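Student: just the structure for this:
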Amino acid sequence: MLKIVFASIMIMGGWTNLAASQTAEETVALLMSGLEDGFSGDSGYGSSGPFVTKMESTSPAVFDILSDGKSVNRFEVSKIDDCKYLMKSNLSVDVTIDFNESMIGDEVKDEKMAGIFNEKFMCGPDGKCFGQAGIAVYENPERRIEAAKYMKENFCEGGKF
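Tutor: Numbering: from 1, shown residues only. As a prediction, the model looks like this:
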């Protein structure tokens, strides 16, 4: 179920330019879920109809997913250290994201990829990690590639493997 939730989140598009003052947590929310203040869509993120995101906080990054003016989901990204983040959602288990287990930014040459990760990149509260090594491919990757480079330059270089 978790793989499906995050996989479906990762293929959504529709972003604006990164602000120079964006927090690490905001950057991770964008990289992992495509979330930014004012992001909207026809369905998804726990909504069966049109939705819009509202940022409640930048550190931790907290986003409410609103449909018909009511919150249908809430995402939160908290910083553990410069490379590790805790990601919570009302609709899935909490996961730890470890950018030491990924290559982000400049190493990625394909315009449809924002990152390459190994099997220890996303792990649950029980320490069990999800999936296999792979690549993150997006419908509209330019925004996430920009965010990956911003993450690398400002917060965490990522790993090499």
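Student: paired strands for the longest strand along the chain, with orientation please.
Tutor: As assigned by DSSP state E, the longest strand anywhere in the chain is strand 70-79. With DSSP bridges as the test, strand 70-79 is paired with strand 61-67 (antiparallel), strand 84-89 (antiparallel).
Student: okay, those strands in CSV with distance to Val95 and mean neighbour count next?
Tutor: C-betas here are computed from N, CA, C, even on glycine. Output for the strands paired with strand 70-79, formatted as CSV (distance: least, Cβ to Cβ, whole Å; neighbours: other Cβ atoms under 10 Å):
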stretch, distance to Val95, mean neighbour count
strand 61-67, 15, 21
strand 84-89, 5, 20
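Student: helix, strand, or coil at Ala29?
Tutor: Secondary structure, DSSP: H, G, I helix; E, B strand; the rest coil: Ala29 is helix.
Student: just checking, it touches Ser59?
Tutor: No. Using Cβ atoms under 8 Å, Ala29 makes no contact with Ser59, being 11.0 Å away.
Student: the more surrounded of the two?
Tutor: Neighbour count, other Cβ atoms under 10 Å: between Ala29 and Ser59, Ala29 has more, with 29 against 12.
Student: which residues does the more buried one contact?
Tutor: 35-36, 61, 63, 75, 77, 87 (Cβ atoms under 8 Å, 6 or more residues apart in numbering).
Student: what sits against Thr27?
Tutor: When contacts are counted by Cβ under 8 Å, 6+ apart, Thr27 is found next to 18, 147, 150-151, 154-155.
Student: kindly report the same for Asn100.
Tutor: For Asn100, the contact set (Cβ under 8 Å, 6+ apart) comprises 83-84, 156, 158-159.
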